[in-house]
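**Student:** Coordinates for the following, if possible.
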Amino acid sequence: MSKIHQFFSYLSHWLNEENEHSLQAPFVYDLYKKIIVADSYKTSYSDIEKVRNRFIESEKIIEVLDFGSGSSSTKSRKISRIASMGVSKKKYGQLLDHLLDHLEAKNVVELGTSLGITSLYLSTEKSRSVTTFEGDPSLAAIAQAVFDGNKRENIRVIEGNIDLTLAPFIEVSEKIDFVFFDANHTLQATVSYFEQFLKLVHDKTCFVFDDIHRDSGMEQAWHMIKKHFEVTLSIDLFQIGIVFFNPEIRKQDYTLTF
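**Tutor:** Model prediction:
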């Protein structure tokens, strides 16, 4: 991840971003005001953040199979660093939960379980069924322990290289309401996962992509995704990108303040 690339990407985002005063489309205005920047809080959030803080304070080191950059090498990683740097921040976890509430999503998928913190946000409501994919067995085991400890019986972990486990899952699945893409952050993998999930979308489906400005490859992937003919609305919040497939929405792309 190039700091120079990140700087110029953020500068471009800042120069082009809009807020509620320039939003004309009712759907986008309501989504932005009522969901994206809304100050809505659930008591379960504090419990999730306690889990994050315990990991940040951990001295444990684990061996991790890293599929996130396109390789499968084993690396020694501190759990505290994973919790600090490799997990979606609190405001993004809460935004995902708000989106799920707004969309009344029931069938939810996450690519990239990591320590399971974001999965907890995705599963705050028992009415949701969350399937989360994790390539590394050590992380999958830690996440499963987190889910058990927090009594999240509505989460299912699929362990193994996502390049191998995703296709069989899609083959037997019905329509999906929501997908959070936070796994292999490369152009080829991101576009491949997106295209595979297109088989399961319906008019109300929402996809959220993490790290869309991580590097030039991810920016290219984001550009390809938002220009896809089935995508009717894209929202760039810099860290994440959100796309919808509702044919009732006129094709639009937004760069918004968050």
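
**Student:** Would you map the strands across the stretch 51-200 of the chain?
**Tutor:** Along the stretch 51-200 of the chain, counting by DSSP state E, counting those that start in this stretch, strands occupy 61-66, 73-78, 107-111, 129-134, 155-159, 178-181.

**Student:** what's the distance between stretch 229-243 and the middle of its chain?
**Tutor:** 12 Å (Cα atoms, centre = their mean, to the nearest Å).

**Student:** Present the strands of the stretch 51-200 of the chain as JSON lines; the columns should include distance to Asp236, mean pLDDT and mean neighbour count.
**Tutor:** (C-beta placed from N, C-alpha, C; glycine too.) As requested, these are exported to JSON lines (distance: least, Cβ to Cβ, whole Å; pLDDT from 0 to 100; neighbours: other Cβ atoms under 10 Å):
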{"stretch": "strand 61-66", "distance to Asp236": "27", "mean pLDDT": "86", "mean neighbour count": "16"}
{"stretch": "strand 73-78", "distance to Asp236": "30", "mean pLDDT": "84", "mean neighbour count": "12"}
{"stretch": "strand 107-111", "distance to Asp236": "20", "mean pLDDT": "98", "mean neighbour count": "24"}
{"stretch": "strand 129-134", "distance to Asp236": "25", "mean pLDDT": "98", "mean neighbour count": "24"}
{"stretch": "strand 155-159", "distance to Asp236": "29", "mean pLDDT": "98", "mean neighbour count": "18"}
{"stretch": "strand 178-181", "distance to Asp236": "14", "mean pLDDT": "98", "mean neighbour count": "24"}
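
**Student:** got those strands as TSV, with distance to Glu49 columns?
**Tutor:** What follows is the strands of the stretch 51-200 of the chain, written out as TSV (distance: least, Cβ to Cβ, whole Å):
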stretch	distance to Glu49
strand 61-66	22
strand 73-78	19
strand 107-111	18
strand 129-134	19
strand 155-159	18
strand 178-181	18
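
**Student:** And those strands: which comes nearest Pro26?
**Tutor:** strand 178-181 (21.7 Å; Cβ to Cβ).

**Student:** Tell me which residues are up against the closest one.
**Tutor:** 96, 99-100, 103, 105, 107-112, 118, 122, 190, 193-194, 197, 205-210 (Cβ atoms under 8 Å, 6 or more residues apart in numbering).

**Student:** out of the strands of the stretch 51-200 of the chain, nearest to Lys50?
**Tutor:** Closest of these to Lys50 is strand 155-159, at 17.8 Å (criterion: Cβ to Cβ).
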